[in-house]
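Asks: what follows is a predicted protein model with its sequence.
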Amino acid sequence: MTIEERKLDGNAIGGVLFEIFGTEVTAATGVCGSCGAEGYVATLDVYADAPGIVARCRSCEAVMIRIVRADDRTWLDLSGTRTLQIG
């Protein structure tokens, strides 16, 4: 399977983000910490077929969001996201 075949859009992580934030996040606007591109979370390139979930900027491919879930724990890394405007 090629990397293009593995790629989803940000809507694929909508349920997980709703569990974490308690609100709809795919319509939130994020700013990439690497290139400064601004866009909806729903437009991120998502790879969810690894031990964790990785969401990348469509403009520069930098990792903006990492999510790892195991048993009763969730790790959320937003270090690649400069800002996330929800609501």
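Replies: On my side now, so go ahead. Numbering: from 1, shown residues only.
Asks: need the residue closest to the centroid of this protein.
Replies: Among the residues of the chain, the one closest to the centroid is residue 55, at 3.6 Å (CA atoms, centre = their mean).
Asks: three-state assignment of that residue?
Replies: Classification of residue 55 by DSSP: H, G, I helix; E, B strand; the rest coil places it in strand.
Asks: residue 73 versus that one, what's the distance?
Replies: Residue 55 is 19 Å from residue 73, where distance means CB to CB, to the nearest Å. Any C-beta I mention is one placed from the backbone N, CA and C, and that applies to glycine too.
Asks: for residue 67, same thing?
Replies: For residue 67, the distance to residue 73 equals 11 Å [CB to CB].
Asks: the more surrounded of those two?
Replies: Neighbours were counted for residue 67 and for residue 73 using other CB atoms under 10 Å; residue 67 has more, 19 against 7.
Asks: relative to residue 2, how far out is the more buried one?
Replies: Between residue 67 and residue 2 the computed distance is 23 Å (CB to CB).
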